[in-house]
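[1] From the sequence below, what's the structure:
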Amino acid sequence: MSNEENELFMVKQAQSFRKSDPDAAKAWIMTAKVLYPTAFNVQYEAYLFERDGKNYEEAAKCFSVIATNFPNRHAELWQEINALTNALRTENENTPEQEFFVKMYKHLTDDVQHNIFMHTINHCGDDLEQCICIYILMFKKFPKSVTTHAPRLLELLAEGMTTDPDVYQRILVEDVLPMIQHKPPELPPVLACRLYTNSLEYYLRQIMDSETEPADPWKTIFKVLMLCGQMMGWEPFLPFSKQGSQNVYWEKLVDILSASPPGSSKVLFYATTLFIYSLYGYIRNCRLRIDDADVSHVLVEGFIEWAPDGDGAEDQSMEPPKFSLTTPNSPDLSNAFLHAAQCWQLLNTDQFQRDFSQLMVALPLAPWISRFLFDLAIYFGHRDEANKLMGEMTTQSSLVKSLQILSLNLMQGSMTVSGSRDSFAEPSQDSFLSLPFSYRAFSAF
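    Coordinates of the predicted model:
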């Protein structure tokens with residue numbers, strides 16, 4: 001009888017006694033291990049014996065021998081590894097069988113634990129979701145591995161977002177970014193910007209869904225912005241503060257712009273984030289609930305009394321136009337609108353317009369943008385453009401729409417002493433720094 005035949009005979013003997021006479025089964029296994037220490041079938045049978053007996057520590061020893069000496073040879077081993085990693089992924093909702101694997105895992109050495117994760121990752125094949133989940137599990141068990149393996153995980157997430165953005169954006173934002181925030185890895189700028197765009201899209205969808213809007217979403221968005229900036233070595237922007245004036249953010253953006261080359265990605269993403277934040281503040285304040293009543297604000301053409309000829313009319317026509325503060329919320333509305341308009345002007349200059357347009361297509365901002373562009377056309381006196389945008393908007397309130405139509409009608413005819421209205425041209429890099437005010441009023445009802 002050959003060695004292989006002897007080995008198989010002893011394994012079958014152990015198997016036959018496993019349930020009826022455990023002591024006899026163990027004796028056969030111990031004998032086989034002495035005679036054939038490098039045989040997979042013998043070592044695997046020893047592991048099964050301890051596993052079925054719920055002997056966590058001994059099973060861990062046997063499993064370590066198999067995982068170390070036979071890492072790529074047998075399907076049975078990979079079945080056990082998959083069962084182990086699946087149990088660890090659902091550690092708080094385990095069946096009795098899965099509970100065994102969780103307890104056995106605690107008796108494995110750190111090296112074996114880490115090797116199990118790496119072997120599993122290397123054998124995931126096309127199962128992208130499983131591979132990502134194993135990376136996350138490994139990061140939880142071995143936080144120091146983040147520095148080495150985070151770039152690959154982030155690449156996989158970016159790949160997954162092309163097929164199922166909802167699932168992989170959630171994994172990125174809720175699971176991965178918190179793990180890497182203290183030691184962000186260096187990433188290629190294209191990948192880092194893509195990850196930030198997807199994170200921003202995830203949060204914007206939550207903000208627009210009134211039932212799931214998270215607490216302090218902008219604090220988190222600014223944190224993610226800073227994190228992605230660190231990955232690319234950018235000069236830090238300012239942390240988010242509800243009490244901080246938006247002027248501070250704009251001034252910081254101007255400082256960064258002045259020290260950056262034309263078309264800088266850093267300026268593009270900082271300015272885009274500030275634009276969306278200001279736009280959010282504007283849209284949110286356009287409709288508020290005050291004293292158990294819904295109060296809407298609509299930007300309309302204002303009225304002023306013109307001085308008669310010879311009584312300073314010429315001087316008056318040269319004064320910077322401004323907003324009329326008609327409600328307690330008008331200052332917040334006007335500030336948010338003007339900062340959004342400043343960022344809009346900057347981002348629509350030649351150096352940023354192409355990339356900014358692509359971002360606007362990727363982000364779910366269409367409802368906000370249509371309202372903002374209409375009000376921007378009203379603000380700058382572009383009646384034809386406003387009239388066109390009116391047809392593209394979906395206004396819930398008929399009263400709001402009526403006021404907007406009224407504002408369009410008021411824009412006809414002579415609105416200045418000279419009988420003409422200055423047109424708004426695309427700003428140069430210097431001109432957007434001081435956005436002129438226009439005389440407009442917020443009507444509240």
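[2] I'd like the next helix or strand past the helix or strand where Phe374 lies.
    Element membership of Phe374 [criterion: DSSP states H and E] is helix 366-380. Per DSSP H and E, the first helix or strand lying C-terminal to helix 366-380 is helix 383-392.
[3] tell me the angle of that following helix relative to helix 366-380?
    160 degrees (axes from the mean of the first three to the mean of the last three CA atoms, to 10 degrees).
[4] buried set for helix 383-392?
    Under the neighbour-count criterion of 16 or more other CB atoms under 10 Å, helix 383-392 has Arg383, Glu385, Ala386, Leu389, Met390 buried. Where C-beta positions appear, they are placed from N, C-alpha and C, glycine not excepted.
[5] does the first one really touch Gln404, like I thought?
    No - taking contacts as CB atoms under 8 Å, Arg383 lies outside contact range of Gln404: 11.9 Å.
[6] average pLDDT across the strand of greatest length in the chain?
    For the chain, the longest strand by residue count, based on DSSP state E, is strand 293-301. Average pLDDT, strand 293-301: 71.
[7] What strands line up against that strand, and which way round?
    strand 287-290 (antiparallel), strand 440-444 (antiparallel) (DSSP bridges).
[8] lowest-confidence stretch among these?
    Lowest mean pLDDT within these: strand 440-444, at a mean of 52.
[9] so how far is Ser264 from Pro143?
    Using CB to CB, to the nearest Å, Pro143 is found at 33 Å from Ser264.
[10] So for those two, which residue has more residues nearby?
    Neighbour totals were compared for Pro143 and Ser264, and Ser264 leads with 17 against 12 (other CB atoms under 10 Å).
[11] For that one, list the residues it contacts.
    Taking CB atoms under 8 Å, 6 or more residues apart in numbering, we find Ser264 in contact with Leu257.
[12] And for Pro189?
    By CB under 8 Å, 6+ apart, the neighbours of Pro189 are Met232, Ser265.
[13] circling back: and which of the buried residues of helix 383-392 is nearest to Ile276?
    Proximity of these to Ile276 (CB to CB) peaks at Leu389, which lies at 19.1 Å.
[14] Find the nearest non-adjacent residue to the closest one, please.
    Leaving out its chain neighbours, the residue that sits closest to Leu389 by CB to CB, 6 or more residues apart in numbering is Phe374, at 4.3 Å.
[15] residue nearest the centroid of the chain?
    Centrality entry for the chain: nearest residue to the mean C-alpha point is Ser199, 1.4 Å, by CA atoms, centre = their mean.
[16] That one is in contact with Gln169, isn't it?
    Yes - in terms of CB under 8 Å, Ser199 counts as a neighbour of Gln169; the distance is 7.1 Å.
[17] Domains in the protein, by residue range?
    Here the chain is described, according to automatic domain parsing, as comprising the domains 156-242, 245-412+421-445.
[18] element containing the closest residue to His123 other than its chain neighbours, please.
    Distance criterion CB to CB, 6+ apart; nearest residue to His123, sequence neighbours excluded, is Trp78 at 6.7 Å. In this assignment (DSSP H and E), Trp78 forms part of helix 75-89.
[19] gap between the helix or strand just after that helix and the chain center?
    For helix 75-89, the succeeding helix or strand toward the C-terminus, using DSSP H and E, is helix 96-105. Centroid separation between helix 96-105 and its chain, computed with CA atoms, centre = their mean, to the nearest Å, is 34 Å.
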